[in-house]
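Peer 1: mind folding the following:
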Amino acid sequence: MIMIYLLQIATRRHPMDLSRSRRKLLDRLQQLATLTEVALARSPLFPASLYHLKSRCGKPQCKCAKTSYRHEQWCVSFLEDGASRTRTVPPGLRAEVRKMTEDYRQFRQAERGLRHILDELIAEMEKMREVRCKAGRRRYERMVRQHQEAQGVRSPPQGG
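Peer 2: Residues are numbered from 1 along each chain as shown. Got it, this is the predicted structure:
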């Protein structure tokens, strides 16, 4: 799909295509700088999910066993050595754990954005190369024709 689009763009002869590609390339580089700020931050990341849990404790004498009451706690779920782990988060640590998990999500989002931008940068570079190579080929042929005309040499018939 991308190759078809690139071929359609490359076959056009509009000089604006190269200008558009340059502008798009510069825009993507600016976006890249913005995403890089997320990667350069020094705050720790915690690849986990923080969530609010209501549960029964399992003690037969507790009111949660006999009523609709549930114990409330904040938990964090993460992978450790390939296994899923769940731990409770003390109330005093909840804000810091929340920040670390949110920073991790932002970092991952920046990674996805970076991959997308890099793909677009490569596509724009390919389009620019195609347009510039065609222009170079035309210039070369024009230069050869002019040189041959200046030398008084007849050019061979085209297309044979």
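Peer 1: for the host helix or strand of E141, packing partners?
Peer 2: Using DSSP states H and E, E141 sits within helix 94-151. The elements that helix 94-151 packs onto, with contact taken as 3 or more C-beta pairs under 8 Å, 6 or more residues apart in numbering; DSSP states H and E, are helix 2-11, helix 16-40, strand 48-55, strand 71-80. Glycine gets a C-beta too; all of them are placed from N, C-alpha and C.
Peer 1: and the ones you listed as TSV, adding mean neighbour count and distance to C133?
Peer 2: Output for the helices and strands packed on helix 94-151, formatted as TSV (neighbours: other C-beta atoms under 10 Å; distance: least, C-beta to C-beta, whole Å):
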stretch	mean neighbour count	distance to C133
helix 2-11	12	9
helix 16-40	13	12
strand 48-55	13	50
strand 71-80	14	48
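Peer 1: who wins for proximity to Q146 among the ones you listed?
Peer 2: Q146 sits nearest to helix 16-40 of all the helices and strands packed on helix 94-151, at 23.8 Å, using C-beta to C-beta.
Peer 1: looking at the chain, which helix or strand is least sure?
Peer 2: Least confident element among the helices and strands of the chain, by mean pLDDT, DSSP states H and E: helix 2-11 (a mean of 46).
Peer 1: and S19, what pLDDT?
Peer 2: Residue-level confidence at S19 comes out at 81, pLDDT.
Peer 1: I should have written Q31 there, sorry.
Peer 2: 84.
Peer 1: what does G159 give?
Peer 2: 59.
Peer 1: how about the residue nearest the centre of the chain, nearest residue that isn't a chain neighbour?
Peer 2: Taking C-alpha atoms, centre = their mean as the criterion, G113 is the residue nearest the geometric centre of the chain, at 2.4 Å. Leaving out its chain neighbours, the residue that sits closest to G113 by C-beta to C-beta, 6 or more residues apart in numbering is L35, at 5.2 Å.
Peer 1: any idea how far R115 is from G136?
Peer 2: 31 Å (C-beta to C-beta, to the nearest Å).
Peer 1: ok, and what's touching stretch 43-63?
Peer 2: 64-65, 69-79, 89, 94, 97-101, 103-104, 107 (C-beta atoms under 8 Å, 6 or more residues apart in numbering).
Peer 1: I meant stretch 29-39, not that one.
Peer 2: So stretch 29-39 is contacted by Q106, F107, A110, G113, L114, I117, L118, L121 (C-beta under 8 Å, 6+ apart).
Peer 1: much appreciated, bye for now.
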